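Asks: With the input below, show me the fold.
(one chain, ligands or ions: 1)
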Amino acid sequence: MNRWILLCDLDAFFASVEILDRPELRGRPVIVGGLGPRGVVATCSYEARAMGVRSAMPMVKARELCPQGVFLPPRPQRYRELSRKVFDIFHRFAQNVEPCSIDEAYLEVVGDGPSIAGAIQEAVGEATGLSLSIGGGPNKLLAKVASQLAKPGGIICIPEGKGAEVLAPLPVDILPGVGPKREALLKGQGFSTVGDLQQAGLERIQALLGERAGRDLFEKAWGKGPDHLASPGLPRSISAEETFPADIPYRDVPSELQKLSQKLSARLQTYGLVAYTLTLKIRFPPFQTSADRSPPRGACGMKRPSSPWPEISLPSISREDGIPGGCASWACASAGWSGKGREGSSSPSSDRSEELPEDSWRGTGGRERRPPSRRAPSRPGGLSIP
Ligand SMILES: [Mg+2]
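Replies: Predicted coordinates for the structure are as follows:
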């Protein structure tokens, strides 16, 4: 196999950067995230994970589980600086790079996958001192699964034709898209491993999950997935969000959304993009999220990316929509577009850190990562499953 997709993922990125800059923290449970009353864990070191701490967990709970932890606020600028160095290395080795987040990207490489992965890992280690896990395969699905198996600090490459065999003994939640709910549903029906799904046959899975979701999962179980990367560097959506330190009265929500729309507008302008749809989300106590999406293009006054949206309103998120106490704890505005919506000539940056909601760790509204699932023991070095 000459063409490989690699998923490169920095290990416990924010926590690793903190340890890199303060070596005395090595070996201690380091937890990075919002330290306020509504803060959530952004990342934590493996020592903290051993105590049960996970990304996206409320900080209050993390403190309960790990009272001896070192709790630190995030330093986004420093993370971006290191991320840029790492992405520069990715571009040196790869024909094509598809960033997934500030610390993770798919790479398309030609040649001997495992040795290229080894060289990338070494280059990243030398340039930054950070630990990188790499999974490789003929498609994105297998690269993703392999990278989970390789964590922390390993390399696992699954050659063409071996996907189904490698997946068979693994638990169902190793497959992307199988979260705790679906995992419980599948296990309730006797599907514990990916091999169980392979044996069940397409029709049984479809009867359980529906036609489309069933087919999707069945194909994943057999190791099938997209084998081309998305067009480089173009994010599919950009968002701005805010978690309020204390609940705000409902009458203040429109002005807060106006501020978010201006932030969003500026970010769109950076990329030279025109939005196609606009989504508004608001979270009401107790933890109830209401969302509304605009009809395609134009309905929300989004024709010019440079101007704030004068018509922004709360289309169908009304006070009657269930707002106990008439206040909001969190708000988010995001914009998405189709390929046609591109305008202007400014080139998007090489990574998509811009689309990471910088403020997500301050509260409960952030993009959540699934906590690491059960993994096979990591295998360091340029290992390829034969
Ligand atoms: Mg990572």
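Asks: What ranges does the chain have for its strands?
Replies: Remark: strands assigned in the chain by DSSP state E are 3-10, 30-33, 41-44, 70-72, 96-101, 104-110, 132-137, 155-157, 237-249, 277-284, 288-293, 327-336, 382-384.
Asks: Take those and lay them out in TSV including mean pLDDT and distance to the ion.
Replies: From N, CA and C alone the C-beta is placed, and that goes for glycine too. TSV is the format used below for those (pLDDT from 0 to 100; distance: least, CB to the ion, whole Å):
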stretch	mean pLDDT	distance to the ion
strand 3-10	97	4
strand 30-33	96	12
strand 41-44	94	8
strand 70-72	97	17
strand 96-101	90	8
strand 104-110	95	5
strand 132-137	97	8
strand 155-157	97	15
strand 237-249	79	20
strand 277-284	75	25
strand 288-293	67	26
strand 327-336	61	22
strand 382-384	34	20
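Asks: Take these and lay them out in CSV including mean neighbour count and distance to residue 196.
Replies: Below are those laid out as CSV (neighbours: other CB atoms under 10 Å; distance: least, CB to CB, whole Å):
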stretch, mean neighbour count, distance to residue 196
strand 3-10, 25, 25
strand 30-33, 28, 36
strand 41-44, 27, 32
strand 70-72, 19, 41
strand 96-101, 20, 28
strand 104-110, 21, 28
strand 132-137, 28, 21
strand 155-157, 29, 22
strand 237-249, 17, 35
strand 277-284, 21, 36
strand 288-293, 14, 34
strand 327-336, 23, 36
strand 382-384, 19, 26
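Asks: Quick one: closest of these to residue 172.
Replies: Residue 172 sits nearest to strand 132-137 of all the strands of the chain, at 18.1 Å, using CB to CB.
Asks: Any idea how far the closest one is from the middle of the chain?
Replies: 16 Å (CA atoms, centre = their mean, to the nearest Å).
Asks: Kindly report the same for stretch 267-281.
Replies: 19 Å.
Asks: Now do that stretch: distance from first to last residue.
Replies: Stretch 267-281 stretches 18 Å from its first residue to its last (CA to CA, to the nearest Å).
Asks: And for stretch 48-61?
Replies: Note: stretch 48-61 ends 12 Å apart using CA to CA.
Asks: Tell me how this structure divides into domains.
Replies: Per automatic domain parsing, the structural domains of the chain span 164-221, 237-348.
Asks: Quickly, which of those domains bottoms out on average pLDDT?
Replies: Of all these, domain 237-348 carries the lowest average pLDDT, namely a mean of 60.
Asks: How about the contacts made by the residue of the stretch 101-250 of the chain at minimum distance from the ion?
Replies: The ion sits closest to residue 103 of the stretch 101-250 of the chain, with a gap of 4.3 Å, by CB to the ion. Neighbouring residues of residue 103 by CB atoms under 8 Å, 6 or more residues apart in numbering: 9-10, 13, 79, 83, 86.
Asks: how does it look with 6 Å?
Replies: 10, 13 (CB atoms under 6 Å, 6 or more residues apart in numbering).
Asks: separation between residue 41 and residue 150?
Replies: 23 Å (CB to CB, to the nearest Å).
Asks: is it true that residue 198 touches residue 221?
Replies: Yes: using CB atoms under 6 Å, residue 198 is in contact with residue 221, at 5.1 Å.
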